[in-house]
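> let me see the structure of the following:
(one chain, ligands or ions: 1)
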Amino acid sequence: MPITHRVYNFAAGPAVLPMPVLEEIQRDLIALPGVGMSILEISHRSKTLESIMAQAEADIRALADIPDNYRVLFLQGGASLQFSMVPMNLLDAGAVADYIDAGSWAEKAIDEARKVGQVHVAASTKAEGYARIPEPREMTFSPGASYVHITSNNTIEGTQYRQLPDVGDVALVSDTSSDMFSRPIDVRRHALVYAGAQKNMGPAGVTLVIIRDDLVRRAAGRKSSLPTMMSYAVAAEHGSLYNTPPVFAIYALGLVMKWLLAQGGLAAIERVNERKAAALYAEIDRSGFYRGTAAAPDRSRMNVTFRLATEDLEKRFVAGATAAGLDGLKGHRAVGGMRASIYNAFPEDGVAALVDFMKDFERRHG
Ligand code: PMP
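As a prediction, the model looks like this:
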């Protein structure tokens, strides 16, 4: 069988998946061992899917040390639907929800929450182009807020929280779409964590939600007034099987979780991620030819954003890199420049290849 040529995929998501996961999917695609049917064909009410979901949940719980008083849900609609589900289920009537506005996706979450209820922006770095995470002393939380919402990693601007804000007893809700399982996560300090799978956890189509029981109860109070498909309480009661779930995406996510466990879990993958990011930032900082766009203390280890002196040079950089097998380096259209997304499954030799390309490009254009 010819081996398909694979480029280094720096895309922000959907993104690169671990080779052993792709190989297992390929090997078992026609018939799951012992089942005689493809994962694409099995019933969502089958014992097979039941055990695939149970195993994926067990592995997620083991990886992130999730306490028993949290539910693990597999939902659809992407992280974007969570922008609506969070306030619809959790923003109490007459109360306010606090949001930290530290990136373009945080702003989208705020826009959706405002359609549902009262929002207070507890801190914002929008005026600085979201180049940094607000300092704790800049955050003004509302007394009695229904929850505080943060975005743990700002995919577009390339910043990441190093420490969680101290929100006291208020429920902390975090959109971890672009750094979920890239480092240890203290679930106990969160009331709800959500993430689209398509960056660090699997293919597009499934959204992971980890929600504490008291929030499920809060959501249960709204059940009769919410669309059924938008209720955390319904999803929790039915074990994410109220309707047909994204079977294939959950299966593939489960394989990625197995792969992560085999890498040594979250502390081990964090060390690899730190190494990859450090190599790239060192090259960005080496000579001044490249310019990192994120404030150094807040630099993301997942999405490395940088610029060149002119847009014309940036175009040439991206085109040259693509030709050299380094794909997906164009920055988000909202901010321009370059972005190297180096999620868990992105290989270290791909980072080395980009560093070599950067050095060579500087020699030719510096
Ligand atoms: N939040 C963050 C931090 C993201 O990076 C993205 C997608 N890039 C989203 C939300 C939206 O995710 P989805 O496409 O799954 O709705």
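> and the strands in this protein, which stretches?
8-9, 70-75, 96-101, 118-124, 148-151, 153-154, 159-160, 172-175, 192-196, 207-212, 291-292, 303-307, 326-327, 338-341 (DSSP state E).
> and the pLDDT at Pro2?
At Pro2, the pLDDT value in this model is 50.
> picking that back up, please identify which of the strands of the chain is closest to the ligand.
Closest to the ligand of these is strand 192-196 (CB to the nearest ligand atom; 2.9 Å). From N, CA and C alone the C-beta is placed, and that goes for glycine too.
> that closest one versus strand 207-212: what angle between them?
180 degrees (axes from the mean of the first three to the mean of the last three CA atoms, to 10 degrees).
> strand 192-196 vs strand 70-75, what angle?
30 degrees.
> and strand 192-196, what other elements does it pack with?
Contacts defined by 3 or more CB pairs under 8 Å, 6 or more residues apart in numbering; DSSP states H and E place strand 192-196 against helix 78-90, strand 172-175, strand 207-212.
> residues making contact with the shortest one?
Yep, that's strand 172-175 we're talking about. Residues outside strand 172-175 that contact it (CB atoms under 8 Å, 6 or more residues apart in numbering): 79, 82, 86, 90, 105-106, 109, 147-152, 164-165, 189-195.
> just the CA coordinates for it, please, in CSV.
Presented in CSV, the C-alpha positions along strand 172-175 are these (Å, rounded to 0.1, in the frame of the first residue of the first chain):
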residue,chain,number,x,y,z
LEU,A,172,-16.3,29.5,36.8
VAL,A,173,-17.1,28.5,33.2
SER,A,174,-14.3,28.1,30.8
ASP,A,175,-14.1,27.7,27.0
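> sheet partners, orientation included, of that strand?
strand 148-151 (parallel), strand 192-196 (parallel) (DSSP bridges).
> gap between the closest residue to Leu29 other than its chain neighbours and Glu237?
Excluding its sequence neighbours, the residue lying closest to Leu29 (CB to CB, 6 or more residues apart in numbering) is Ser38, at 5.9 Å. Counting by CB to CB, to the nearest Å, the gap from Ser38 to Glu237 is 29 Å.
> how about Glu138?
Glu138 is 40 Å from Glu237, by CB to CB.
> neighbour count for these two, which is higher?
Taking other CB atoms under 10 Å, Glu138 and Glu237 do not tie; Glu237 has more neighbours (15 against 12).
> report the separation between the more buried one and Leu75.
13 Å.
> tell me what the residue lying closest to Lys126 once chain neighbours are set aside is bridged to.
Nearest non-adjacent residue to Lys126, counting by CB to CB, 6+ apart: Asp101, 5.8 Å away. Counting by DSSP bridges, Asp101 forms beta bridges with Ser124.
> in the chain, which helix is the longest?
For the chain, the helix that runs over the most residues, judged by DSSP state H, is helix 266-287.
> is it true that Pro87 touches Val116?
Yes. Taking CB atoms under 8 Å as the definition, Pro87 is a contact partner of Val116 at 3.8 Å.
> of these two, who's got more company?
When neighbours are counted by other CB under 10 Å, Pro87 and Val116 differ, and Pro87 comes out ahead with 26 against 17.
> distance check, the more buried one against Ala93.
Taking CB to CB, one finds Pro87 at 11 Å from Ala93.
> so for stretch 165-183, mean pLDDT?
Stretch 165-183 shows an average pLDDT of 98 in the prediction.
> run through the chain and note the low-pLDDT ranges.
Along the chain, segments meeting pLDDT under 70 span 1-3.
> show me where it has its helices.
19-28, 47-64, 78-90, 104-114, 213-220, 232-237, 247-262, 266-287, 311-323, 348-365.
> closest one to the ligand among those helices?
With CB to the nearest ligand atom, the closest approach to the ligand among the helices of the chain belongs to helix 78-90: 2.6 Å.
> wondering if the closest one reaches the ligand at all.
Yes. Shown here: helix 78-90 in contact with the ligand (CB under 6 Å from any ligand atom) through 78-80.
> which one (most neighbours) among those?
The residue in the residues of helix 78-90 next to the ligand with the most neighbours, by other CB under 10 Å, is Ala79 (26 neighbours).
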